[in-house]
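**Q** Predicted model and sequence below, questions to follow.
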Amino acid sequence: KSQCHAGMTLVLIDEMDALLQRASGGQGVLEKLFSWAARPGSRLVLIGIANALDLTHRFLPVLHARGCAPQLLPFLPYQDSAMRQILHTRL
């Protein structure tokens, strides 16, 4: 480990939008995780994967109000030719 990354904690959440649709308090958990990661000097790195690009605006508006909105990195959907190539390679 390098000194600059020592003691860092990485949390990866896949299907984040599905977590928010559950009635099990997923929204409160995500709000806490995002706010912890946004604190000055935080050693928490949070990566969330979701299908909805407007997820944080719709479900977690409190993050924007608190100034701890996440950085978004959108990925374009696969085009038909890319999907055919993936299927051809795997079959």
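**A** That came through fine.

**Q** tell me the SS of residue 57?
**A** Using DSSP: H, G, I helix; E, B strand; the rest coil, the structure places residue 57 in helix.

**Q** gap between it and residue 78?
**A** Using C-beta to C-beta, to the nearest Å, we find residue 57 at a distance of 24 Å from residue 78. (Each C-beta comes from the backbone N, C-alpha and C, glycine too.)

**Q** what does residue 31 give?
**A** Relative to residue 78, and taking C-beta to C-beta, residue 31 is found at 31 Å.

**Q** Tell me which of those two has more neighbours.
**A** residue 31 (17 against 11; other C-beta atoms under 10 Å).

**Q** doesn't residue 64 make contact with that one?
**A** No: at 11.2 Å, residue 31 and residue 64 do not qualify as touching, with contact defined as C-beta atoms under 8 Å.

**Q** Helix or strand, whichever it is, which one in this protein has the lowest mean pLDDT?
**A** helix 55-59 (a mean of 76; mean pLDDT, DSSP states H and E).

**Q** count of residues packed around residue 11?
**A** Residue 11: 12 surrounding residues under other C-beta under 10 Å.
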